[in-house]
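Asks: Build me a model:
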Amino acid sequence: MFVDHIRIFAKAGDGGNGCSSFRREKFVPKGGPDGGDGGAGGDVVLVVDPHTDNLRSFFYQHHYHAEKGAAGMGQKMTGRSGKHLVLKVPPGTVVYRTEAPEPKRKPGAEEETFFEDEAGAGLDEDEIDLSDTDADDVFDPHENDPTAGEVVADLTQPGQRFVLCRGGVGGKGNWRFRTDTNQAPIEFTEGTKGDEGWYYLELRRIADIGLVGFPNAGKSTLLGALSNASPKVASYPFTTLTPMVGVVEFSGFMRTTVADIPGLIEGAHRNIGLGHDFLRHISRCSIFLFVVDTAGVDNRDPVSDIQILRQELKLYDERLTERPWLIVANKMDLPESADKLEALRTRFAKQEIIPISADTGLGLDALKKRLCELAGRKPG
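Replies: Numbers count the residues shown, from 1 in each chain. Reported below is the predicted structural model:
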C-alpha cells in the first residue's frame, strides 16, 4: 500500500511538576527545603529516512504522544526527562499545520445534527457531552486536506531533523524559592504543557525529470528502459498507480533521477480521478518530458494530448509551465505514427521533439544523451 498524504495528531510530553520537600534526617530534624525540579517533556521529532519511501507507517496509527517528564523528588533530585518520540518520514515530505478533522456524519444525515434524550426531547448538538466518545469513532484521520494551513517544514535532505512539537519545561522545586527571609518555602511550580496539534503530511517525490502523459502512453516502459527501475508494465491503462523514481546512469559516472508520474486525465487539476494524488509529485521536477502515444493506439491525438496536459499543469500551478520541457514521441515502431509525428512537428514547431520506441529501444540513445545535457549530475 502506497500512502503519500496523511493527517496526524502529535503531542509533546508535558514537563514534570516541581517537588515541595524538606530535609528530614535523624540528626537534622528541621532541614531546609530540598524539593527538586521536574523533568522536561520529550519532543516529537521528524527525521528524514532515505530508506523510507512513503507514509504508510502513519496510516494505522495517527495519534503520537511523546513521554512526559517525571516529577521532581526530595534531596534536590530532578525528575527524569521524557524520551523524545522520533518519527521517520521519506525525503520530500511537506508538513502543514492544519485543523482537526471534521466529525463523521452518517450517509443521508441532515447537515444540522439533532439528538434526542431518553425522554424523546430534542437536544441541540452543543448540549451533548462528547467527552467520553472515542476519537477514532468521531474523526476520520485519513481525510485528505490538500488546502491545509501554513507550511511548517519541507524535509528534503536525508538525516534532516525537525522538532514538530517541543516538550514542556519541568517545574521548579521549593529548593529554588529559598531566600534569606524565607528559609522554609513550600511553593513549587508545575511543569508546562508540551506543544500539540494536528498536522498534514504530504509526500512530494524528489526527481530531476518528470514523465508526464496520459494513461498507456508508455511512461513505465520508458522508465524501465532508461533506468534501473522495474515498474509494472501492461497493455491496459492505469497500470501505474504510484509514482516511481529511477536513476539514469550516464557515461563518466554522471546520473540523474526520473519520476514516472501515473497517467493524468483531463480535469486532474480539479482532483478528478486521482488528480492531486498524481500532480503533487511533479512539483519538485525541474524538467518535464511529455510522453505521447504517437501511434494513437487508444484513438488519442498526440497534439491534443500535449495541449490538455499543459493546460492541466497550468491550472494546477501556473509556475510549472515555466519549467523546461520537451516532447517524447513514443511508439514510433508502429506504422501509424509517421503522420501524427509530422502533425506534432507542425503544431509545436519551436519545441524539441524526440521520436523513440520505448519497447524496441529506438531513439533511446539520443534521448539519454539529451537528458545528460539537460540534467546530468556529478558523482554522488
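Asks: Just want the most central residue of the protein.
Replies: E202 (2.2 Å; C-alpha atoms, centre = their mean).
Asks: all strands in the stretch 51-200 of the chain, in order from the N-terminus.
Replies: 63-65, 85-89, 93-98, 115-116, 122-123, 151-155, 161-165, 196-203 (DSSP state E, counting those that start in this stretch).
Asks: circling back to that earlier point, now do the same for the residue nearest to the centre of the chain: its pLDDT.
Replies: pLDDT recorded at E202 is 86.
Asks: Assess the claim that it and R280 are in contact.
Replies: Yes - applying C-beta atoms under 8 Å, one finds E202 in contact with R280, separated by 6.3 Å. All C-beta spots, glycine's among them, are computed from the backbone N, C-alpha and C.
Asks: that older thread, just list the residues touching the residue nearest to the centre of the chain, thanks.
Replies: D4, H5, T93, V94, Y96, P146, R280 (C-beta atoms under 8 Å, 6 or more residues apart in numbering).
Asks: Which among these count as buried?
Replies: D4, H5, T93, V94, Y96, R280 (16 or more other C-beta atoms under 10 Å).
Asks: Quick one: low-confidence residue ranges for the stretch 201-350 of the chain.
Replies: Applying pLDDT under 70 to the stretch 201-350 of the chain picks out residues 228-243, 263-278.
Asks: repeat that with 90
Replies: 202-287, 295-302, 304-306, 308-324, 334-340, 350 (pLDDT under 90).
Asks: can you pull out the strands in it?
Replies: Using DSSP E, counting those that start in this stretch, strands in the stretch 201-350 of the chain cover 209-212, 244-250, 254-260, 287-293, 325-330.
Asks: Distance to G35 and mean neighbour count added to the ones you listed, as CSV?
Replies: Formatted as CSV, these follow (distance: least, C-beta to C-beta, whole Å; neighbours: other C-beta atoms under 10 Å):
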stretch, distance to G35, mean neighbour count
strand 209-212, 61, 27
strand 244-250, 56, 19
strand 254-260, 58, 22
strand 287-293, 64, 24
strand 325-330, 68, 23
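Asks: which stretch among the ones you listed comes nearest L85?
Replies: Checking those against L85 by C-beta to C-beta gives strand 244-250 as the closest, at 28.7 Å.
Asks: Now find how far off-centre the closest one is within its chain.
Replies: Taking C-alpha atoms, centre = their mean, to the nearest Å, one finds strand 244-250 lying 22 Å from the centre of the chain it belongs to.
Asks: Counting by contacts, list what it packs against.
Replies: With contacts defined as 3 or more C-beta pairs under 8 Å, 6 or more residues apart in numbering; DSSP states H and E, strand 244-250 has these neighbours: helix 219-226, strand 254-260, helix 364-375.
Asks: May I have the residues that are in contact with the nearest residue to L87 once chain neighbours are set aside?
Replies: In space, and not counting its chain neighbours, L87 is closest to L46: 5.4 Å by C-beta to C-beta, 6 or more residues apart in numbering. L46 makes contact with L87, K88, V89, T93, V95, A153, L155, R161, F162, L164, according to C-beta under 8 Å, 6+ apart.
Asks: Go again with 7 Å.
Replies: Neighbour list for L46: L87, V89, V95, A153, L155, F162, L164 [criterion: C-beta atoms under 7 Å, 6 or more residues apart in numbering].
Asks: swap in G197?
Replies: Counting by C-beta under 7 Å, 6+ apart, G197 touches A10, R97, C165.
Asks: between these, which has the most around it?
Replies: Highest neighbour count within those, by other C-beta atoms under 10 Å: C165, with 25 neighbours.
Asks: Looks like that one contacts W198 (just checking).
Replies: No - at 11.0 Å, C165 does not count as touching W198 under the criterion of C-beta atoms under 7 Å.
Asks: Reformat the buried ones among the contacts of E202 into a markdown table and put distance to L211 next to each item.
Replies: Shown next, in a markdown table, are the buried ones among the contacts of E202 (distance: C-beta to C-beta, whole Å):
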| residue | distance to L211 |
| --- | --- |
| D4 | 17 |
| H5 | 21 |
| T93 | 22 |
| V94 | 22 |
| Y96 | 27 |
| R280 | 15 |
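Asks: circling back to that earlier point, got the phi and psi for the residue nearest to L87?
Replies: phi -100, psi 130 (degrees, to the nearest 10).
Asks: distance of it from D14?
Replies: Separation of L46 from D14 (C-beta to C-beta, to the nearest Å): 20 Å.
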